[in-house]
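Undergrad: build the 3D model from these lines:
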Amino acid sequence: MEQPDAKHFHQMYGISKPRLAYYNADFIDYTLMTAISTALIYLTFGPRHWMTLLGVLLAAFMIAVFPLRHGFALRMPLILRRPQELLFMLIYKIRNINRYVVLAAVLLVLENVFIYFTPDWPHHVELMRTIGMYLFFIHFIGMTAYRTVVLVDHLRKRELVREFLMQTTWKKYLETQPSITLQIFHAYVTGVLTHIVYLVPWYLVISYANFSALAAPLTCVLNFVIQVKYLNIHNVLFYREHWLGHNSEMEFLYLHGTHHDAIPSGLIGVGGNGHLEGFLRHVMGFPTQFFNPAVGFIFFTWLVKQDIDGHQYIPCIFPRRSRHFYEITQHSMHHYGRLQPYSFGLKTDQPELAEEARKITRGLPDSLANSAKLDEQLTDFKWDNPAYRRFLDLFDKYQK
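TA: Coordinates of the predicted model:
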């Protein structure tokens, strides 16, 4: 395998300032980021839509609890102190555009050209749009219901949640804001608000693009092919964006930070992203939103469900994960105070875990199933490390 180029994966134009958490002086930046997220929801769904009302309420909650969780201090926002970082951020995103997102967009354009030049053919455009809208809201409501079940179990076992987290790096945050109920609700609201912003590009495509019932059999097959091919490079693109999300202060504050601001729980799971980060990924990085709505529904639902389950790093809480799951992934370490791994952090080429690993990662290409290789090649990351062993020991203590 060709050695990856660290200069590409770790290239920055601005100031490198690794971040894993918000501080009290970030309040104005955080408020601006939340306001931009709310504006996107408002402009997408309109002033009277229930999704807009929900988004506004969730955003207000997020801003209100920031001082309770982090304290409050006034400072000139980074977006004004170093506005050039916005240009750098745009360059990073443009450079991460890949052939599969372009191919998916071109395929959608060709479908719309086909519809335009054959207006008398039975494309059933309005029916397709109606079906797409139903699938969109079934996805959002269904995943929110699933996330609410996760919330209820966290609340039922909130003393266990607190006890476990007090033995991790989250102890210092719980000592600052001891209300575990508030921390749990904050994680839930983080997940729901992130989910809404994440889906904005898909909603816009369904609303303004046309889909043909005649072309659907062909486009659906091609969509599946594009998605399968895309998964081969997914970890490479994710690593680059994720590294920037922690090493560029602007990207952390405005894109990725909210994903790490909440407790390490399935409640936050959407696509491994913060509010605005999910929006930008689906504008310039991922192909899924350009697919036929039926195919998009399948992949969006699968991804969000997997991300909720995959971020449950508190044992004995629904959705419960087996020890084998934690033995082949170290993304949990990333939510317990470590920068690495920047990749998805999976390692299935462990002979003693081969059978279970195949079950957990069935259908994933090796570039994802052994994504931690990229961290080992680009950084000083070691799979066997003290923090990981402590987490497994703590997991065993509670899971039994």
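Undergrad: any chance you could map the strands in the protein?
TA: Taking DSSP state E, the chain contains no strands at all.
Undergrad: domain assignment for this structure?
TA: Here the domain assignment for the chain is 17-313, 322-400, based on automatic domain parsing.
Undergrad: now, of these, which is deepest in the fold?
TA: domain 17-313 (a mean of 18; mean count of other CB atoms under 10 Å). Glycine gets a C-beta too; all of them are placed from N, C-alpha and C.
Undergrad: residues touching the closest residue to T168 other than its chain neighbours, list them.
TA: Nearest residue to T168, sequence neighbours excluded (CB to CB, 6 or more residues apart in numbering): Y336, at 5.4 Å. Contacts for Y336 were tallied using CB atoms under 8 Å, 6 or more residues apart in numbering; they are 168-170, 264, 313, 387, 391.
Undergrad: among these, which lie within helices?
TA: 387, 391 (DSSP state H).
Undergrad: now the contacts of Y336 in CSV, with pLDDT and distance to P18?
TA: Compiled in CSV, the contacts of Y336 are given as follows (pLDDT from 0 to 100; distance: CB to CB, whole Å):
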residue, pLDDT, distance to P18
T168, 96, 20
T169, 95, 15
W170, 96, 19
P264, 97, 19
Y313, 96, 21
A387, 94, 17
F391, 95, 21
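Undergrad: CSV for the contacts of Y336, including distance to L40?
TA: Output for the contacts of Y336, formatted as CSV (distance: CB to CB, whole Å):
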residue, distance to L40
T168, 34
T169, 32
W170, 30
P264, 26
Y313, 29
A387, 36
F391, 36
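Undergrad: my guess is V200 contacts L280. True?
TA: No. V200 is not in contact with L280 according to CB atoms under 8 Å; the separation is 10.3 Å.
Undergrad: distance of R147 relative to L40?
TA: Distance, R147 to L40, by CB to CB, to the nearest Å: 20 Å.
Undergrad: actually, L253.
TA: To L40, L253 is 17 Å away according to CB to CB.
Undergrad: kindly report the same for I131.
TA: In this view, I131 and L40 are 25 Å apart by CB to CB.
Undergrad: which of the domains of the chain has the lowest average pLDDT?
TA: Among the domains of the chain, domain 322-400 carries the lowest mean pLDDT, at a mean of 93.
Undergrad: quick one: the helices in the stretch 301-400 of the chain?
TA: Along the stretch 301-400 of the chain, the segments classed as helices by DSSP state H, counting those that start in this stretch run 323-327, 331-334, 354-360, 366-369, 372-378, 386-399.
Undergrad: closest one to P341 among those?
TA: Closest to P341 of the helices of the stretch 301-400 of the chain is helix 372-378 (CB to CB; 4.2 Å).
Undergrad: which other helices and strands does the closest one contact?
TA: Secondary-structure packing of helix 372-378 (3 or more CB pairs under 8 Å, 6 or more residues apart in numbering; DSSP states H and E): helix 216-247.
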